[in-house]
Structures are given as C-alpha cells and as structure tokens.
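>>> Need a 3D model of the sequence below.
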Amino acid sequence: MKRSIVNQIMSEADKYIQSFGFKLPPFAYWSPLQMKQQKAEIQGIIEAGLGWDITDYGQGDFENLGLFLFTLRNGKQQDLKNGGGMCYAEKIMISRENQISPMHHHLLKAEDIINRGGATLILKLYESDKSGNIDQKSDVRVSTDGVLRTLGAGDILELEPGESVTLMPGMWHSFTSKGGDVLIGEVSTVNDDTTDNYFKDPIGRFADIEEDEEPLHLLVSDYQKWLN
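Residues are numbered from 1 along each chain as shown. Below you'll find the predicted structure:
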C-alpha cells in the first residue's frame, strides 16, 4: 500500500469513528517525531502494539480485501501464562461495505466481535477439525450476547448494531459488512498479531508500505523500523 493511501484511510477512519461519539486516545494523533522524542516513555505502547493498524493482507487490494484496526489496549503474554494480571485486549475496527477480512482463526485468543454501529456485520463461521483445518461438516455453536446459537458449517451470522458474538480459539471466521460500513469493537484475551493469526490462504497479516510521502501517524507495523 502507498503511504499516501494509508494516510488517507487514517483521516477517513478517524472521522468515521468520531461520528459515533467514540474518541481515540491522545497518542493516536502524535506525529512520528513526537513518538521518537518520547520513545523512553512510550515503551508500553510499543511493546503492546497499541495504535494504528491498516492492512490489505499484503495483497494490494484494500478496497476488497482489507481492514482498519486500532489497538486501544493489550495485556501481556506472561500474565496470560501465569493466569492473572492484564489478560485482555481491546480494538476498534472498521469494515467497509463488501470489504472482506479473510478466513482465519486463532489458537490462543478468544474474542467478542461487536457491531458498534453502522450497517450489518456479516460473519462466516466454521469449527476446526482434529487437525486444526476447517471442518466442512460440523455445526457451529456460538454465543451471541449470551444466547447460544447453532449454525451449519459455513453458515452466515448477521449482527445488527449493538449485537455481538463470542468466538473461541480454533473457530474459523471471515467477515464483511452489508448495506454500508460497520464500526466494530473487539474485546479479547491478550492479542498477538505476529504469531496468533492463521489464515486459510497463504497471505500476510500486515501491509507492505510504499513510502511515497511522509507518514501522518505511525502504524503498529512501523514501530520496529521507525523507533529503533
């Protein structure tokens, strides 16, 4: 993705998020220089991977295959292993109309996916078989706002604003939106986007950035390059 496109998506996403009365934290608006100058004080942001995350999954087709995310908080893997402490994470996301977030699952992360507003959120769900691959036959049992539902393998779950679904580790899912863009909340166990995303197809988790202009704000995937 070109940096100019990333910058444009950031600006558009911020306006969309604020249209729902949702505010991003102050560090969201820091320039790369401000982050460099405060590097010693923001190790919590860097190490937890908090901030802007715009991906086309390395495929160069953001309009059709992509997702906007902002990680608001994220716990520690060691706390999760110890069974106590900050074992949770939270994101705000935007799925554009008919834009697909591709089929994937997580081995460790359980997550609530919440339609925070906008149009209809569409999820396609499968269980994992004994080998961890997509189970094309077994029914899918999920909790939607505490109500247990049973779907056929690959059936579509529609979530209207205010509705949510709990996805447990190993549950395969893809999602998109219908009738407009959707503001999505994610509340989960500790998030590790570098090792705990398993895609059905051989694609990447992060975008490859072409530097055609200066970044408005740094992406999470920029931290290692820009802040080291």
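
>>> Report the distance from the worst-scoring helix or strand of the chain on mean pLDDT to the chain centre.
Taking mean pLDDT, DSSP states H and E as the measure, helix 77-82 is the helix or strand of the chain with the lowest mean score, a mean of 91. Relative to its chain's centre, helix 77-82 lies at 21 Å (C-alpha atoms, centre = their mean, to the nearest Å).

>>> what does it rub up against?
Contact partners of helix 77-82, identified using C-beta atoms under 8 Å, 6 or more residues apart in numbering, comprise 85, 86, 87, 108, 189, 190, 192. For glycine as for every other residue, the C-beta is placed from the backbone atoms N, C-alpha and C.

>>> hmm, try it at 10 Å
By C-beta atoms under 10 Å, 6 or more residues apart in numbering, the list of residues contacting helix 77-82 from outside reads 76, 85-88, 108-109, 189-192, 195-196.

>>> next structured bit after it?
Per DSSP states H and E, helix 77-82 leads on to strand 88-95 as the next helix or strand towards the C-terminus.

>>> Packing partners of that next one?
Taking 3 or more C-beta pairs under 10 Å, 6 or more residues apart in numbering; DSSP states H and E as the contact definition, the neighbouring helices and strands of strand 88-95 are helix 3-18, strand 51-55, strand 67-74, strand 111-128, strand 172-189.

>>> and these as JSON lines, adding mean pLDDT and mean neighbour count?
What follows is the helices and strands packed on strand 88-95, written out as JSON lines (pLDDT from 0 to 100; neighbours: other C-beta atoms under 10 Å):
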{"stretch": "helix 3-18", "mean pLDDT": "98", "mean neighbour count": "17"}
{"stretch": "strand 51-55", "mean pLDDT": "98", "mean neighbour count": "23"}
{"stretch": "strand 67-74", "mean pLDDT": "98", "mean neighbour count": "21"}
{"stretch": "strand 111-128", "mean pLDDT": "98", "mean neighbour count": "20"}
{"stretch": "strand 172-189", "mean pLDDT": "98", "mean neighbour count": "20"}
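
>>> now for these, which one comes closest to residue 165?
When the helices and strands packed on strand 88-95 are compared by C-beta to C-beta, strand 111-128 sits nearest residue 165, at 5.4 Å.

>>> Enumerate every residue touching residue 74.
For residue 74, the set of contacting residues under the criterion of C-beta under 10 Å, 6+ apart consists of 44-45, 47-50, 86, 88-91, 188, 190-193, 220.

>>> measure it to residue 146 for me?
From residue 74 across to residue 146, the span is 25 Å (C-beta to C-beta, to the nearest Å).

>>> Equivalent analysis for residue 128, please.
Taking C-beta to C-beta as the measure, residue 128 falls 23 Å from residue 146.

>>> Assign a three-state SS to residue 36, would you?
Counting by DSSP: H, G, I helix; E, B strand; the rest coil, the backbone at residue 36 sits in helix.

>>> And the pLDDT for the closest residue to it other than its chain neighbours?
Residue nearest to residue 36 in three dimensions, not counting chain neighbours: residue 227, with 6.3 Å by C-beta to C-beta, 6 or more residues apart in numbering. Model confidence at residue 227, given as pLDDT, is 94.

>>> Run a quick check on residue 227 versus residue 34, I expect a contact.
No. At 11.3 Å, residue 227 does not count as touching residue 34 under the criterion of C-beta atoms under 10 Å.
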